[in-house]
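[1] can you look at this prediction? I've put the sequence above it.
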Amino acid sequence: MESGDFPRLVYLGLLLAVIAGYFLLANRRQLGKVAQQAAIWGLIFLGAIAVAGLWDDIRRSARPAEAVIRGDSIEVPAAADGHFYLMAEVNGVTVRFVVDTGATDIVLTQRDAARAGLDPEGLNYFGTAMTANGRVATAPVRLDTLALGGVSDANVPAVVNGGELDTSLLGMSYLGRHEVTFSRDRMILRR
């Protein structure tokens with residue numbers, strides 16, 4: 001606290017005491033009603049402070065981040081959870097990917113692999129990958145097409161995760177085909 005803050009704090013405290021004292025004396029016959037109204041206004045005030053403090057989080061949650069294509073670049077805003085998500089077409093089917101710079105490969109969930117025309121049950125899971133949750137089996141596959149932002153690649157190597165995975169991962173094998181720039185809350189892919 002700076003030296004000039006303490007006198008201001010004392011002044012504001014005294015001002016608040018005088019105003020509260022006036023209302024209590026003026027309404028001494030209806031103290032219950034005054035206390036109820038004061039509590040309501042206090043809650044409204046605290047609610048307004050909470051909304052103001054959380055406004056950026058509320059705005060991001062209400063309007064999910066969407067990638068914007070501008071010429072040869074794709075601008076991806078950070079989602080509310082801090083990750084970058086992209087929608088890409090795998091073998092003509094739209095798949096939601098989380099950008100994972102820690103992943104070497106493009107990793108499909110079994111559900112997304114099945115949607116893209118691959119047979120997760122019939123694949124050979126002889127590869128392994130180290131994840132934050134430990135070792136997991138993987139099956140190497142080739143994607144007929146992978147399209148992102150108007151650019152389509154053919155015969156793209158990927159793997160299907162043999163374990164539990166919520167969202168498919170867009171790893172460095174694909175990101176390496178782009179110039180990737182990160183700013184404060186945005187990722188830009190350029191090809």
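    All right, it came through fine.
[2] what residue ranges in the protein score low on pLDDT?
    1, 56-65 (pLDDT under 70).
[3] residue ranges of the strands in the chain, please?
    Per DSSP state E, the chain carries strands over the ranges 68-70, 73-77, 85-90, 93-99, 107-108, 127-131, 134-148, 151-161, 168-170, 179-182, 186-190.
[4] out of those, nearest to Q30?
    strand 73-77 (52.4 Å; Cβ to Cβ). C-betas here are computed from N, CA, C, even on glycine.
[5] list of residues touching that closest one?
    Outside strand 73-77, the residues that touch it by Cβ atoms under 8 Å, 6 or more residues apart in numbering are 65-69, 84-86, 99, 148-149, 185-190.
[6] please repeat the previous calculation with a cut-off of 10 Å.
    Here strand 73-77 makes contact (Cβ atoms under 10 Å, 6 or more residues apart in numbering) with 60, 63-69, 83-86, 99, 148-151, 178-179, 181-183, 185-191.
[7] count the residues that sit near V180.
    V180 sits with 15 neighbouring residues when counted by other Cβ atoms under 10 Å.
[8] isn't it right up against V99?
    Yes. Judged on Cβ atoms under 10 Å, V180 makes contact with V99 at a distance of 8.7 Å.
[9] list the residues that contact both of those two?
    Common contact partners of V180 and V99 (Cβ under 10 Å, 6+ apart): F84, M172, M187, L189.
[10] can you redo these as TSV with distance to L14 and neighbour count?
    Shown next, in TSV, are those (distance: Cβ to Cβ, whole Å; neighbours: other Cβ atoms under 10 Å):
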residue	distance to L14	neighbour count
F84	52	22
M172	63	16
M187	52	20
L189	59	25
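[11] just the buried residues out of the contacts of strand 73-77, in ChimeraX syntax.
    In ChimeraX syntax, the buried subset of those is picked out as below (16 or more other Cβ atoms under 10 Å):
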select :60,65,67,84,85,86,99,148,149,178,187,188,189
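[12] now do the contacts for V34.
    By Cβ under 10 Å, 6+ apart, the contact set of V34 is A20, F23, L24, A26, N27, R28.
[13] now do the same contact list for the fourth one.
    It refers to A26. Here A26 is in contact with V34 (Cβ under 10 Å, 6+ apart).
[14] if we can go back for a sec, distance to V141 added to the shared contacts of V180 and V99, as TSV?
    TSV is the format used below for the shared contacts of V180 and V99 (distance: Cβ to Cβ, whole Å):
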residue	distance to V141
F84	24
M172	17
M187	26
L189	23
